[in-house]
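Visitor: build the 3D model from these lines:
(one chain, ligands or ions: 1)
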Amino acid sequence: MDVVEVTEGRTSFLVPRQDPRLQFPPGSGPVFYNARMEMNRDATVLLLSVLRPQSYLDAMGASGVRGLRVAHEVGIPVTINDWNANAVDLARQNVEALGLAAEVTREDANVLMSGRTFDAVDLDPFGTPAPFVDSAARCAGNYLFITATDTAPLCGAHLKAGMRRYFSRPRNTEYHAEVGLRTLLGFVVREVIKYDRGVEPLFCYAHEHFHRLHLRLRYGAAAADRALARMGYVMQCGNCLYRSEQAGMLPEPEECPLCGANLVPVGPLWTGRINDDATLAAMQEALPSVTAGTGARIGRLLATCRQELDTSSHYDYHVIAKRLRVSPGGIETVIERLRALGYRASRAHYSGTALKTDAPLPVLEKVVSGG
Ligand SMILES: C[S@@+](CC[C@H](N)C(=O)[O-])C[C@H]1O[C@@H](n2cnc3c(N)ncnc32)[C@H](O)[C@@H]1O
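Guide: Numbering: from 1, shown residues only. I've put the predicted structure just below:
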């Protein structure tokens, strides 16, 4: 294998040399490596430096980069697993070169996770994590981290694939990234609570082409019931931008109070908060002492997530402006005007035009059109 040394954070490691002529190099080598996921890994290293679990499983390690970084930069016991022989050879070479005590295993992740337990389990597959969540729910002690890159099924763009994988009906709305994140979270919650365990989101976000969950798991039926109570639906008007939230297992038919059209249930999905503010504050405090190539971006993401309202959907205020045929002002102006009217309003991390508010849609429309 033709390899090249790469450095992320404080860790140097070998990855296959990638062909720069190929449009999407990560999968083109004998072992997967995607430099664009550095921010995803930086954020997890930062979070783990705050949480310090007793053990960490990188269940789909490829070059081992995630587990290598956790072992080297956080200093906790790490197991790196992959079922690909080339990946395991490379991960072992990397562990040795760094002088780490990390364990490297070659197993089907589902088999490994069915036979052993780890305090923190990290799933980072190609595309959907759905086939691995049940065994991860049984394997993880206190923490479960999951990346999903199948954003089209999760967001409703590939509806049938989304329904098959997540047994939920997403919808391709202007807040599709949030639907995707909450659909994934809702699926994971249902996989975990069947074991009488609770789920508390610590740091969950959507970024570019992936969704990332960092969850704390709790033991007991009461904790599971608390998570169950946050499952529900976003009820989206099929005609206008109105939407509301419904709790519960089955959506009740509802009409749009603004235009009378039927509301379409989007879900089931997670309607609760997606972050734990104390965890985000601790990450902000630790950030300057962690070496992260994407530290500035993570700092901005944490700041945005901390001020983001915990409503289950957001508006794209440019979409509202387009429908009203007005030119949109700055988002800060819209937020300030909503607050001056006594409503809560914030940016949302999904995009630069994503806005959350508890103001009724007609009020928001009036504010966006400058009234
Ligand atoms: C997206 S890559 C992992 C990337 C890596 N975590 C990183 O940060 O660079 C997915 C890896 O999962 C491995 N994989 C896929 N299915 C697996 C399974 N059932 N058991 C173990 N490994 C699996 C693949 O061989 C591949 O190396």
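
Visitor: okay, and Leu269 sits in which element?
Guide: Element membership for Leu269 (DSSP states H and E) is strand 263-270.

Visitor: state the phi and psi torsions of the nearest residue to Thr279 once chain neighbours are set aside.
Guide: In space, and not counting its chain neighbours, Thr279 is closest to Leu202: 4.6 Å by CB to CB, 6 or more residues apart in numbering. Any C-beta I mention is one placed from the backbone N, CA and C, and that applies to glycine too. Leu202 adopts backbone torsions of phi -100, psi -50, taken as degrees, to the nearest 10.

Visitor: how deep is Leu202 tucked in, by neighbour count?
Guide: 21 (other CB atoms under 10 Å).

Visitor: and Ala221, by the same measure?
Guide: Residues lying near Ala221 (other CB under 10 Å) number 13.

Visitor: what is the mean pLDDT for the helix or strand hosting Val45?
Guide: Using DSSP H and E, Val45 sits in helix 38-51. Averaging pLDDT along helix 38-51 yields 97.

Visitor: same check, this time on stretch 204-215
Guide: Computed over stretch 204-215, the mean pLDDT rounds to 97.

Visitor: any idea how far apart the tips of it sit?
Guide: 8 Å (CA to CA, to the nearest Å).

Visitor: also stretch 164-171?
Guide: Using CA to CA, one end of stretch 164-171 lies 14 Å from the other.

Visitor: gap between that stretch and the chain center?
Guide: 16 Å (CA atoms, centre = their mean, to the nearest Å).

Visitor: what sits up against it?
Guide: 128, 130, 150, 153-156, 159, 162-163, 176, 179-180, 183-184, 186-187, 190, 236, 264-269 (CB atoms under 8 Å, 6 or more residues apart in numbering).

Visitor: go again using 7 Å as the cut-off
Guide: 128, 130, 153-156, 162-163, 179-180, 183-184, 186-187, 236, 264-269 (CB atoms under 7 Å, 6 or more residues apart in numbering).

Visitor: tell me the secondary structure for Val104?
Guide: Here Val104 is strand, with the state taken from DSSP: H, G, I helix; E, B strand; the rest coil.

Visitor: show me which residues of the protein are close to the ligand?
Guide: Taking CB under 6 Å from any ligand atom, the part of the chain that reaches the ligand is made up of 32-34, 37, 41, 60-63, 65-66, 82-84, 87, 108-110, 124-126.

Visitor: coming back round to it: the contacts of stretch 164-171, buried ones only, as a PyMOL selection?
Guide: Burial among the contacts of stretch 164-171 is assessed by 16 or more other CB atoms under 10 Å; the matching PyMOL selection reads:
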select buried, resi 128+130+153+154+155+156+162+179+180+183+184+186+187+236+264+265+266+267+268+269
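
Visitor: the contacts of stretch 164-171 in helices, which ones?
Guide: Pro153, Leu154, Cys155, Gly162, Met163, Val179, Gly180, Thr183, Leu184, Gly186, Phe187 (DSSP state H).

Visitor: ok so, going back, packing partners for the strand holding Leu269?
Guide: The contact analysis (3 or more CB pairs under 7 Å, 6 or more residues apart in numbering; DSSP states H and E) places strand 263-270 against helix 176-193, strand 231-237.

Visitor: alright, calling it a day.
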